[in-house]
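A.B. asks: Fold the following, please.
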Amino acid sequence: MGNAASGPSTDFVRAIVAQDLKTGKWGGRVVTRFPPEPNGYLHIGHAKSICLNFGIAAENEGGICHLRFDDTNPLKETQEYIDAIKEDVRWLGFDWGGHEYYASDYFDQLYEWALQLIKDGKAYVCNLSAQEISEYRGTLTEPGKDSPYRERPVKESLDLFERMRAGEFEEGSRTLRARIDMASPNINLRDPIMYRILKASHHRTGEKWCIYASYDWAHGQSDSIENITHSICTLEFENHRPLYDWFLDQLGAYHPQQIEFARLNLTYTIMSKRMLTELVEQGYVSGWDDPRLPTVAGLKRRGYTPESIRDFCSRIGVAKADSTVDIALLEHCLREDLNRRAPRVMGVLKPLRVVIENYPPDQVEELDAINNPEDAGAGTRKVPFSKVLYIEQDDFMEEPPKKFYRLAPGREVRLRYAYFIKCVDAVKDEKTGDVVELHCTYDPATRGGDAPDGRKVKATLHWVSAAHALEAQVRLYEHLFTKEYPTDAGEGEDWKDSFNQDSLQELTSCRVEPSLKDAAAGSRYQFERKGYFVVDTDSSEGKLIFNRTVSLRDEWARIQKAQKKKQGLA
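C.D. replies: Here you go, the predicted structure:
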């Protein structure tokens with residue numbers, strides 16, 4: 001899957017892998033895995049883990065990364081989520097080849113291992129209810145209490161466990177628990193549940209099982225069965241590692257090495273699957289692919305590129321301590337990528353009609369426009385120019401302040417790729433007093449944007465020809481929350497209180513140049529002077545819909561410049 005020589009700079013996880021290869025710890029093998037639970041959509045935090053696990057495998061000769069679905073809860077898992085996860089991993093640029101696995105592949109083996117632990121006196125069937133188990137567990141400062149069923153004879157537990165599998169008992173009436181240490185300072189070791197009764201159909205095994213392994217019982221053993229070398233997890237699993245080790249030690253099974261790294265947190269958004277589900281189910285957003293969400297599906301629909309997300313994950317690195325990354329860095333990576341690849345077009349979001357009084361009424365010129373100044377091979381296109389145009393409403397002010405250089409009465413500006421025009425009159429709505437139409441003159445000698453007499457203008461405006469422009473709907477997106485750290489809700493506050501009610505603005509009377517007539521869903525463009533946009537999946541023939549991916553202004557570049565200035569480096 002590639003060669004380590006071309007890999008990124010070394011982080012502590014890659015340093016461990018490199019040292020293991022040097023010492024021959026795993027016989028020269030590198031086998032990682034990405035193990036999602038198929039109970040929701042992936043978000044950018046998962047993308048970081050995908051890039052790390054698949055990246056490490058690709059960087060080392062013969063490296064393999066498994067895609068394994070930890071599908072142990074039939075109540076929450078569906079084929080829809082499995083298909084979406086596979087699509088997202090592929091879209092990010094990774095391929096698991098033939099290494100697609102499921103924890104459900106190992107249900108028979110896990111059951112046999114559970115029987116082994118019961119026979120060895122390391123597990124027992126418990127009749128306590130879920131609430132009672134919680135009460136017996138104790139707290140971080142107080143030890144737990146032994147279940148009254150902890151000393152149940154092995155023969156009795158074996159019989160009860162087999163009857164649990166046969167469907168004899170009701171849900172919640174019995175569990176299988178590991179017999180470890182109810183006084184352990186690590187709560188995960190206080191006789192954790194291994195199996196619970198769930199009379200539910202499984203998306204792969206159907207009605208075969210009515211008892212299902214807990215995540216903690218299935219996860220480590222699945223890694224062992226697959227001969228994973230480096231089991232890379234986020235920090236919340238650090239306290240689970242002693243439990244995974246205990247299970248494998250009792251079974252005498254193969255031991256992968258678990259390594260924990262910090263999960264990704266971003267400003268102005270949330271990563272909690274529970275919170276994201278709440279936003280979707282309560283109608284705050286339109287669905288899991290809402291372009292405001294940090295889900296991979298949402299980012300894709302917003303117009304993000306897989307390259308920009310991989311670049312972002314590479315830049316933030318892999319650390320041992322939790323931290324929050326400024327979302328401006330993610331947007332910066334996106335702008336850098338789109339600046340290289342996105343074709344330039346002209347689109348007017350809030351149109352103001354312009355009549356060029358001295359332009360021939362029936363004339364139409366085809367002007368040459370550059371498709372991408374960053375890519376000489378992208379060539380040029382023709383844009384029509386005629387007597388009546390549209391410009392942006394905010395590109396005109398009747399009484400301009402000192403530093404406003406765009407169009408104003410008596411002022412001359414350049415139209416991109418076209419001519420100099422001068423405003424000679426502004427027509428207003430009689431009722432509102434708003435300017436609804438401008439009358440201008442043009443200088444035919446300035447075609448292409450330069451004056452033969454050398455006179456200069458201080459502004460260049462984008463425009464479209466009124467007769468040729470296409471009507472479009474544009475969705476302008478902002479941050480999902482108004483607070484930088486949305487989950488830091490004070491006493492009596494709900495984290496949803498900072499949901500940004502202005503995170504979506506829909507403009508319905510926009511105009512775009514005719515070259516976009518057949519623009520396909522997912523096509524990305526730079527609307528000159530306005531930002532980067534993508535054709536939404538709701539678009540159809542005769543109904544163009546664009547999502548603003550990101551504005552042109554680079555907040556991260558501004559932040560970096562300010563930091564350097566503060567440090568005396570700029």
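A.B. asks: all contacts plus neighbour counts: C-alpha atoms, from now on.
C.D. replies: Noted.
A.B. asks: so residue 294 touches residue 46, yeah?
C.D. replies: No: the criterion here is C-alpha atoms under 8 Å, and residue 294 misses it with residue 46 at 10.2 Å.
A.B. asks: quick one, which of these two is more surrounded?
C.D. replies: residue 294 (23 against 20; other C-alpha atoms under 10 Å).
A.B. asks: Report the separation between that one and residue 504.
C.D. replies: Per C-alpha to C-alpha, to the nearest Å, residue 294 is found 15 Å from residue 504.
A.B. asks: now do residue 127
C.D. replies: 51 Å.
A.B. asks: go on, residue 393?
C.D. replies: 20 Å.
A.B. asks: next one: residue 282
C.D. replies: Residue 282 is 17 Å from residue 504, by C-alpha to C-alpha.
A.B. asks: Could you point out the helix or strand that follows the helix or strand harbouring residue 474?
C.D. replies: For residue 474, the host element (DSSP states H and E) is strand 470-477. The helix or strand immediately downstream of strand 470-477 is strand 504-512, counting by DSSP H and E.
A.B. asks: The next helix or strand after that following strand packs against which elements?
C.D. replies: Counting by DSSP H and E, the next helix or strand C-terminal to strand 504-512 is strand 524-527. Applying 3 or more C-alpha pairs under 8 Å, 6 or more residues apart in numbering; DSSP states H and E, we find strand 524-527 packed against strand 344-345, strand 531-535.
A.B. asks: hang on, the earlier thing: neighbour count winner among residue 282 and residue 504?
C.D. replies: residue 504 (17 against 10).
A.B. asks: So the residue nearest to that one when sequence neighbours are not counted versus residue 299, what's the distance?
C.D. replies: Counting by C-alpha to C-alpha, 6 or more residues apart in numbering, residue 504 lies nearest to residue 477, which is 4.8 Å off, once chain neighbours are set aside. Separation of residue 477 from residue 299 (C-alpha to C-alpha) stands at 12 Å.
A.B. asks: repeat for residue 227
C.D. replies: 34 Å.
A.B. asks: does the closest residue to residue 508 other than its chain neighbours have beta-bridge partners, and which?
C.D. replies: Counting by C-alpha to C-alpha, 6+ apart, residue 473 is the residue found nearest to residue 508 once chain neighbours are left out, at 4.5 Å. With DSSP bridges as the criterion, the beta-bridge partners of residue 473 are residue 545.
A.B. asks: Can you name the residues that contact residue 473?
C.D. replies: 506-510, 543-546 (C-alpha atoms under 8 Å, 6 or more residues apart in numbering).
A.B. asks: Most widely separated two among those residues?
C.D. replies: 506 and 543 (14.1 Å; C-alpha to C-alpha).
A.B. asks: and stretch 469-482, how far apart are its ends?
C.D. replies: Where stretch 469-482 begins and where it ends lie 36 Å apart, using C-alpha to C-alpha.
A.B. asks: Enumerate the positions of stretch 224-240 that are buried.
C.D. replies: 224, 226-235, 237, 240 (16 or more other C-alpha atoms under 10 Å).
A.B. asks: Tell me the residues that contact both of residue 477 and residue 299, please.
C.D. replies: Common contacts of residue 477 and residue 299, defined by C-alpha under 8 Å, 6+ apart, comprise 291-292.
A.B. asks: Quick check: the gap between the nearest residue to residue 228 once chain neighbours are set aside and residue 204.
C.D. replies: Distance criterion C-alpha to C-alpha, 6+ apart; nearest residue to residue 228, sequence neighbours excluded, is residue 31 at 5.0 Å. Here residue 31 is placed at a distance of 25 Å from residue 204 (C-alpha to C-alpha).
A.B. asks: Please apply the same query to residue 510.
C.D. replies: For residue 510, the distance to residue 204 - C-alpha to C-alpha - is 48 Å.
A.B. asks: Mind checking which of the two has more residues around it?
C.D. replies: When neighbours are counted by other C-alpha under 10 Å, residue 510 and residue 204 differ, and residue 510 comes out ahead with 21 against 14.
A.B. asks: quick one, what contacts that one?
C.D. replies: Applying C-alpha under 8 Å, 6+ apart, the residues contacting residue 510 are 347-351, 471-474.
A.B. asks: ranking those residues by neighbours, who comes first?
C.D. replies: Among the contacts of residue 510, the one with the most neighbours (other C-alpha under 10 Å) is residue 347, at 29 neighbours.
A.B. asks: quick revisit: mind exporting the strand holding residue 474 as CSV, just the C-alpha atoms?
C.D. replies: C-alpha atoms of strand 470-477 as CSV (Å, rounded to 0.1, in the frame of the first residue of the first chain):
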residue,chain,number,x,y,z
LEU,A,470,-29.2,32.3,-15.7
GLU,A,471,-31.4,32.6,-12.6
ALA,A,472,-30.0,30.7,-9.6
GLN,A,473,-30.7,30.1,-6.0
VAL,A,474,-27.7,30.5,-3.6
ARG,A,475,-27.4,29.2,-0.1
LEU,A,476,-25.0,31.2,2.1
TYR,A,477,-23.7,29.2,5.1
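A.B. asks: how far off strand 504-512 does it point, in degrees?
C.D. replies: Using axes from the mean of the first three to the mean of the last three C-alpha atoms, to 10 degrees, the inter-axis angle of strand 470-477 relative to strand 504-512 is 150 degrees.
A.B. asks: How far off centre is strand 470-477?
C.D. replies: Centre-to-centre, strand 470-477 and its host chain are 23 Å apart (C-alpha atoms, centre = their mean, to the nearest Å).
A.B. asks: For it, what does the pLDDT average out to?
C.D. replies: Strand 470-477 carries an average pLDDT of 98.
A.B. asks: The contacts of residue 510 into TSV, with extra columns for distance to residue 193?
C.D. replies: Shown next, in TSV, are those (distance: C-alpha to C-alpha, whole Å):
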residue	distance to residue 193
347	59
348	60
349	58
350	60
351	63
471	60
472	56
473	53
474	51
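A.B. asks: Return the member of those residues nearest to residue 68.
C.D. replies: For those, the nearest to residue 68 is residue 474 (38.9 Å; C-alpha to C-alpha).
A.B. asks: show me what contacts the closest one?
C.D. replies: By C-alpha under 8 Å, 6+ apart, the residues touching residue 474 are 349, 506-508, 510, 545-548.
A.B. asks: From those residues, list the buried ones, please.
C.D. replies: 349, 510, 545-548.
A.B. asks: Please report how far the nearest residue to residue 286 once chain neighbours are set aside lies from residue 448.
C.D. replies: Using C-alpha to C-alpha, 6+ apart and skipping the chain neighbours, the partner closest in space to residue 286 is residue 280 (6.7 Å). Relative to residue 448, residue 280 is positioned 50 Å away (C-alpha to C-alpha).
A.B. asks: and the helix or strand containing residue 548 with strand 504-512, angle?
C.D. replies: For residue 548, the host element (DSSP H and E) is strand 544-550. Strand 544-550 and strand 504-512 meet at an angle of 120 degrees, taking the same axes, to 10 degrees as the criterion.
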